[in-house]
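here are the coordinates; sequence isn't available:
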C-alpha cells in the first residue's frame, strides 16, 4: 500500500525508502515473530494504537505524537514471505512422490533418537498425496520455475510473485495444517532439517557433503520472490517482511545486498506461557523449548556448520529490538508491540523523524564500545551511568592494560624463540625462567612448570604451518583463544581461564582506576547480560537498573540478582536491581534510522517555500545607521527617515532614476529635483 498523503517536493529524495524496504524478523520460539509480521501486513486503521495526548508538555509524549501523525499518512502494509512456505515451495519443486515419502520417514519425528512411526508417516503421506493430486496444476506451475534462485527475466519473476502470494499461498497453508495435525514437534523437526539440508547441499535430502556454495540457497530464492514483487507492481513498490530468519549467514546475505534491509529481533520474557496458551499442551511446549534451545545456541556454528540455525548470533545482529511483553497500554511511550512497530516504520521512511530515547542512546554507546574488544570469541560492550543516565564509564571485554589483546597475537608465532604477546606459561617457562631463557624446573614449582612445558608442546603441535598454512588462511591473522585451548588441554570447562576482563567489570574498574565516583543507584547497560561474577559486583555497587540485550545462559538472573532482601535504611522494597530487556534501535540500524537525509530546517524550507523576512522597521534602522556614519548631524537625515514605511520605496525611486544622492526630505522636493533633471 502506498502512502496516502499528497506528493511533495522531496518525494524523490525519500523514494528509495518509500518504494522499497525489507524487514527480516528473528527471535526464539514463542517470542512473537509471527505477530510482528501480521501487524506489519495490516492497514494503520486496523491497529490498536493509543491516540496521542493533545498539547502534551512531556517530551516523550511529543515524540509519540510526531510519529503517530506521520504514520496516519505514511504507514505502509508489508507483503509477508513466510519461511516455511518457501521451504514447501522448494520441496514440491525438487522432490518426487517416492522421494517425498522417504523424506518424511527420515525427518518426520521428534528427534533422531526416536524411531519413525512408519504407519503414522504412511498415513500422513497418503493425505498429503491426495492434496498434491487435487492441486496438480499448482504442483506443475511450481515445477515450471525450475531453478528459482537463478530466475532473472522480469516476466518470470512477476509470475513467481503472483503465484507465491496467490494460489500457492493457500496450498502451502493447507499442507502446513496437515503437518501440524500429524505432529507439531515432528513438523518443526522436519522443517528444521529440510532448511539445513538446502543450505548444506542445495537439496532437501540427507547429505554428508557440505558445499558452502549452497549456504545462501534459500536466501537466493527469497531474493527472487522480492524481485518479483518489485516488477509486478506498476510503481515498483516493494515492502516485504520475512517471517522468520534463524540463520546468521542468511541475515548477512540480506544486509550486504540491501541498504533498505532491517533486522528486527523479537524478544519476550514469557515465551513459555505464550506457548502454553497457544498449544494447551505442556509436553508439546517442553519439546518446542528444548528444540528452541538447540537452535538458539551456536554450538554447530562455531564448528563451521554454518548451515544450522544460530538464533543467538541472529539476535546480536539485529538493527531493532522489540519486546512483546506488554499487550496493551493507554500510555504513549512506544511500549506496546504496535507502538514499537509504528516507531520503526516512521524511522525507516523518514530517518531522524525523532531523536533516540535515553535508553537507545546509552545502549548505542555500549555497542560502539564493544567494537574495541580484542576478544576473538565474542565482543561485548558495557556502559555505566548515574541515576540520570549521565555516562560515568564505558568498558569492553579485553585483556588488562599492558597485556596484548588476543586479536593481534598469532598462534603460529609460538614456535619462534621469543613470540610476541605470549605469557611465560604459554612459552613453556612456567614460574621460573633462567637468564638465557632456557627452561629450568624449580623444585618448589615443579608441577606447574612441567604443565607449562607440556602446554607449550601442545600449542606447537596444534598450531603449526602444516595445519595452518598461509594458503588456507587466505592472508588473515591466526590468533587463538587461550581459554578454549587450555580447557581442551586439561579436558575441562572452566570459565576462569579467560585472559579478558568482562565488559561490565571493566567499566566498573575504570571508575575506580581514575579517581572513583559513586555508582549507587546507577544504571548498567550491556550488549549481552552480566554473568554471575559481574552480577555480584553490580549488586555490591548498588546498581539499580540493568538493561541487557540477550539473557546470560547461567543462573545470574534467578540466583544473584533476585535475593529479595529489603535494604537497610532505604525506602526501597528490595536491594535487587531492576532488569530491563532492551528495545529500540542499535548498531548500524541506529545510524540508519536516526541520521536524517536532510536537516529538518532545510527540509521544511524546501517543502513550504517558507522564508522569513526582516521587518521593515529593522531594515530602515540598519540603513539609517550606515548613513549616520557618513552624514553626521545632518537634520535632513532624521526628517527623511521620519516615515519608516516609505523610506525604502523612496530610496529605490532615487536609485532607479539615477539621481545624484542628496537626500530630499519630502515628496515635493523629489518632484522639484525631477523637474530640474527634465529641463
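Noted; the coordinates are in hand. Predicted, not measured: the structure shown is a model, and the values here were computed from it. Numbers count the residues shown, from 1 in each chain.

can you give the domain ranges for this protein?
Per the record, the chain has its domains at 11-27+61-76+244-354+588-612, 83-237, 370-398+500-581, 409-493, 616-678, by automatic domain parsing.

need those in TSV (columns: mean pLDDT, distance to residue 49 and mean neighbour count).
The way it works is simple: take the backbone N, C-alpha and C, and place the C-beta from them, glycine included. TSV is the format used below for those (pLDDT from 0 to 100; distance: least, Cβ to Cβ, whole Å; neighbours: other Cβ atoms under 10 Å):
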stretch	mean pLDDT	distance to residue 49	mean neighbour count
domain 11-27+61-76+244-354+588-612	89	5	18
domain 83-237	91	23	17
domain 370-398+500-581	86	22	18
domain 409-493	82	47	14
domain 616-678	72	46	12
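
so which of those is nearest residue 45?
domain 11-27+61-76+244-354+588-612 (8.9 Å; Cβ to Cβ).

that older thread, figure out which of the domains of the chain is closest to residue 54.
The nearest among the domains of the chain, by Cβ to Cβ, is domain 11-27+61-76+244-354+588-612 at 8.2 Å.

picking that back up, mind putting the domains of the chain in JSON lines, distance to residue 39 included?
Shown next, in JSON lines, are the domains of the chain (distance: least, Cβ to Cβ, whole Å):
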{"stretch": "domain 11-27+61-76+244-354+588-612", "distance to residue 39": "5"}
{"stretch": "domain 83-237", "distance to residue 39": "18"}
{"stretch": "domain 370-398+500-581", "distance to residue 39": "19"}
{"stretch": "domain 409-493", "distance to residue 39": "42"}
{"stretch": "domain 616-678", "distance to residue 39": "53"}
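
wait, which of the ones you listed is closest to residue 364?
domain 11-27+61-76+244-354+588-612 (4.9 Å).

return the distance of the closest one from the chain's centre.
Distance of domain 11-27+61-76+244-354+588-612 from the chain centroid (Cα atoms, centre = their mean, to the nearest Å) equals 7 Å.

hang on, the earlier thing: which one of the domains of the chain lies closest to residue 34?
domain 11-27+61-76+244-354+588-612 (7.6 Å).

and residue 36, which of the domains of the chain is closest to it?
Among the domains of the chain, domain 11-27+61-76+244-354+588-612 comes nearest to residue 36, with 5.5 Å by Cβ to Cβ.

what's the span of stretch 204-221 from first residue to last?
End-to-end distance for stretch 204-221, by Cα to Cα, to the nearest Å: 14 Å.

what's in contact with that stretch?
Stretch 204-221 has contacts (Cβ atoms under 8 Å, 6 or more residues apart in numbering) with 83, 86-87, 89-91, 94-95, 99, 103, 106, 148-150, 194-195, 197-202, 249-250, 253-254, 305-307.

distance from that stretch to the middle of the chain?
26 Å.

which residues of this protein fall in strands?
20-27, 79-82, 238-243, 261-267, 320-323, 381-385, 391-396, 523-526, 545-548, 578-581, 584-585 (DSSP state E).

residue 130 is nearest to which of those strands?
Set against residue 130 and scored by Cβ to Cβ, the strands of the chain come closest in strand 79-82, at 23.2 Å.

pull up the pairing partners for that closest one, direction included.
Paired neighbours of strand 79-82 in the sheet (DSSP bridges): strand 238-243 (parallel).
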